[in-house]
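Participant: Could you look at this predicted model? Sequence included:
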Amino acid sequence: MSESLLSVRNLTRHFDISGGLLDQIRFSGGRFHRQKTLVRAVNNISFDILPGETFSVVGESGCGKSTLGRTIMGLYAPNAGEIHYRGDRIDNLDPRSLLPYRRKMQMVFQDPYASLNPRKTIRQTLEAPLRYHNPKLSNGEVQDRIEEVMLQVGSDPQWISRLPHEFSGGQRQRISIARALIVDPEFIVADEPISALDVSIQAQILNLMMDLQQQRGLAYLFVAHDLSVVEHISDRVGVMYLGTMCELAETAALFENPRHPYTRALMSAIPRLGGGPGGHVRLRGEVPTPINLPSGCVFHGRCPHANDRCRVEIPGLRRLDDGRQVACHGVEEGRI
Amino acid sequence: MAKLLEVRDLVIRFGLRTGEVTATSGVSFSLDRGERLGLVGESGAGKSVTGFSIINLISKPGYIASGEVNFNGENLARVSPERMRQIRGNRISMIFQDPMMTLNPVLTIGTQMTEVLHRHRPELSREQARDIALDKLRKVHIPSPEKRLEQYPHEFSGGMRQRIIIAIALLTDPELIIADEPTTALDVTIQAEIMDLLMELCEKDGMGLILITHDLAVVSQVTQNIAVMYAGRIVEKGPTSRVIAQPQHPYTRGLIAALPQSSRHGERLNQIPGMMPTLKDMPPGCAFNPRCPHVMEICHRQIPALRPGSNGNMAACHLYPEENAHE
């Protein structure tokens, strides 16, 4: 565990949506009692990220991948589980002792139109985190750092007195990346950083992210739903379904030979350029809500291979011979 | 027999306070019965406005400045609003991107479906309309449709809502469906199901489909022909497989090469530098010239016409000799 940059152990995050006291009161069996309604967004997830690697989390909307990224960043407090950064436990720290880790871990958000303050110039946006984390820097040094980071993300340093609305989506996303980079992090959580952008601009931002990774040895936690992008840039990929990690493997292994039935269905649905139509694995039914999680394996209601054991017992991630981890009774028993 | 749809030299303008801008110019394409055409481009390329113009859904300050939209030989750009209402939602249906925005949240699915039928086929009784609605819901594979008719949109998932939208579009057995980014708001597994469904329906009933999307991979699986739009013009068109395999226009080439699937794992993607010009500051000549790797002197002066490229795709690019320009 010492060599990994980030270790997540049994991370769980629930959201209480039961509302006020009156909303919680239920009447059953002749008496009143309080009942909480929980959205179980992230359940018992464990994985490691190595320095300088790109680890992607994929899954469909509502599977908890964004919540996972935000919980790791400390934007949500976990309900259970531990997060370690270079061996130090960080999920239970008070804000002051978390500060040095915040410098090392930064985040890039999905929507570059919503994540930049429209009333702050680019200079103010970039200056704030830099001064906050380095109060001793002189004005000249701050200016130098801002220019350096603007050049690195491919923006013109002369633009720093402009406001966000003067920029296109691609340029704004470059500025979001610059804001993350300016405190010199080692690890960046990128939550769907390109899904709001056009194809030709997506390629520009992806190239930028890959270049920066090479120059600075950054590690990424890349949260995305676009599987062909994930396939291209990731070293390892974790597939989430309904708050659980169902398969975790090296990119090539996962895309060439998915083992978990959900991963198989997901992979077969990727539209391929010039590939024929159809031929994808059709799933029965729909994704259940994360409020009332199915018993046993969360996927059993839609799985073509489900049996009685799947309906009762929750499968854990097990390591197979080729190093990948799969949470499936069928794969464990050799049925799939 | 006339083509199902023939769009000729369509010019759409928007009269803004700051001056008039041209959203599309010289857009021409045609569609046979049962044909599936993909209209591809990035945001702002003019693909949606082209789709809307077919059924005259362009709202002020936009207007069709010139050109023809011939549907079964009738020029829809010039018909009366009454005649348009007989065709829109009846002979031509439209499917929009966001299934939550298109359905009325306070009316049941049944009400919304029969409403369309009452409007276009007033002779139908309630029971007949209900039967047609049930039939269409079955066609889009919605389980227990009798129960579903009584439900409200919020009781459905995104994929189910989009199926209902498709069922509504099918109610009047249209000859043409215009689908504007029908799966962009949906997950991949659901996208695959919806696309399968659209193809199945087109093949079974001989409906024409115009699929407007930015997703080249989806278009390559579903359509027979593609028109690629850039900055308000069609820059390339041809059979889908050929446009994907041998793109002729530098923009199409760049777009396909920029997809992660076109590069090897972990390598830099082939990005197109810069971005699409806005309608207000179009460069003179070919609109792609500031980003084009093959830019020549003539590209700054003259807007290229669509002409056959080396493999028979039509491409609007000066790389291909002028002599071929006569269609």
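Facilitator: Alright, I've got the coordinates.

Participant: Poorly predicted segments of chain B, please.
Facilitator: B:1, B:322-327 (pLDDT under 70).

Participant: and the stretch 51-200 of chain A, which residues reach chain B?
Facilitator: A:60-61, A:168, A:170, A:198-200 (Cβ under 8 Å from any Cβ of the partner chain). The way it works is simple: take the backbone N, C-alpha and C, and place the C-beta from them, glycine included.

Participant: For the stretch 201-336 of chain A, which segments are assigned as strands?
Facilitator: With strands called from DSSP state E, counting those that start in this stretch, the stretch 201-336 of chain A shows them at A:219-224, A:236-241, A:244-250, A:318-319, A:325-326.

Participant: That should have said the stretch 1-150 of chain A, apologies.
Facilitator: Under DSSP E, counting those that start in this stretch, the stretch 1-150 of chain A gives strands at A:6-16, A:25-28, A:31-34, A:38-49, A:54-58, A:80-85, A:88-89, A:105-108.

Participant: Of these, flag the one that's most buried.
Facilitator: Mean neighbour counts were taken over the strands of the stretch 1-150 of chain A using mean count of other Cβ atoms under 10 Å in any protein chain shown, and the top value, a mean of 25, falls to strand A:54-58.

Participant: what are the pairing partners of that one, and which direction each?
Facilitator: strand A:219-224 (parallel), strand A:236-241 (parallel) (DSSP bridges).

Participant: Pipe those strands into CSV and attach mean pLDDT and mean neighbour count per row.
Facilitator: Putting those into CSV (pLDDT from 0 to 100; neighbours: other Cβ atoms under 10 Å in any protein chain shown) gives the following:
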stretch, mean pLDDT, mean neighbour count
strand A:219-224, 94, 25
strand A:236-241, 96, 24
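
Participant: about what we covered before: looking at the strands of the stretch 201-336 of chain A, which is closest to A:G29?
Facilitator: Set against A:G29 and scored by Cβ to Cβ, these come closest in strand A:244-250, at 32.0 Å.

Participant: The closest one: how far from the chain's middle?
Facilitator: Distance of strand A:244-250 from its chain centroid, counting by Cα atoms, centre = their mean, to the nearest Å, is 13 Å.

Participant: just stretch A:185-201 next, same as before
Facilitator: 11 Å.

Participant: Quote the end-to-end distance of that stretch.
Facilitator: When the termini of stretch A:185-201 are compared using Cα to Cα, to the nearest Å, they are 24 Å apart.

Participant: Kindly state the pLDDT recorded for the nearest residue to B:V218 once chain neighbours are set aside?
Facilitator: Closest residue in space to B:V218, ignoring its immediate chain neighbours: A:P271 at 4.7 Å, by Cβ to Cβ, 6 or more residues apart in numbering or on different chains. pLDDT for A:P271: 86.

Participant: Now for A:P271: which residues touch it?
Facilitator: B:188, B:191-192, B:195, B:215, B:217-218, B:220-221 (Cβ atoms under 8 Å, 6 or more residues apart in numbering or on different chains).

Participant: next one: A:Q24
Facilitator: Counted by Cβ under 8 Å, 6+ apart, A:Q24 has contacts A:18, A:34-37.

Participant: can you check B:Y230 too?
Facilitator: B:41-42, B:45, B:251, B:276, B:287-288.

Participant: For the residue nearest to B:V222 when sequence neighbours are not counted, grab the count of nearby residues.
Facilitator: Spatial nearest neighbour of B:V222, chain neighbours left out: B:M195 (5.4 Å); criterion: Cβ to Cβ, 6+ apart. Close neighbours of B:M195, defined as other Cβ atoms under 10 Å in any protein chain shown, add up to 24.

Participant: just B:R83 next, same as before
Facilitator: Using other Cβ under 10 Å: B:R83 sits among 12 other residues.

Participant: does it count as helix, strand or coil?
Facilitator: Under DSSP: H, G, I helix; E, B strand; the rest coil, B:R83 falls in the helix class.

Participant: could you pull out the helices for the stretch 101-250 of chain A?
Facilitator: Taking DSSP state H, counting those that start in this stretch as the criterion, the stretch 101-250 of chain A carries its helices at A:122-133, A:139-152, A:169-181, A:199-216, A:227-233.

Participant: Same list (the ones you listed) but as TSV, adding mean neighbour count and mean pLDDT.
Facilitator: Formatted as TSV, these follow (neighbours: other Cβ atoms under 10 Å in any protein chain shown; pLDDT from 0 to 100):
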stretch	mean neighbour count	mean pLDDT
helix A:122-133	18	94
helix A:139-152	15	94
helix A:169-181	23	93
helix A:199-216	20	91
helix A:227-233	22	92
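
Participant: What I need now is the ones you listed written out in TSV, including distance to A:G74 for each item.
Facilitator: What follows is the helices of the stretch 101-250 of chain A, written out as TSV (distance: least, Cβ to Cβ, whole Å):
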stretch	distance to A:G74
helix A:122-133	15
helix A:139-152	23
helix A:169-181	15
helix A:199-216	22
helix A:227-233	24
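
Participant: residue contacts, the residue nearest to B:V222?
Facilitator: A:271, A:277, B:183, B:218, B:221-222.

Participant: sorry, back to before: give me the subset of the contacts of B:Y230 lying in helices.
Facilitator: B:Y251 (DSSP state H).

Participant: which SSE is B:G238 in?
Facilitator: With secondary structure defined by DSSP states H and E, B:G238 is part of strand B:233-239.

Participant: If you could redo that for B:Q248, that was the one I meant.
Facilitator: B:Q248 belongs to no helix or strand, assigned by DSSP H and E.
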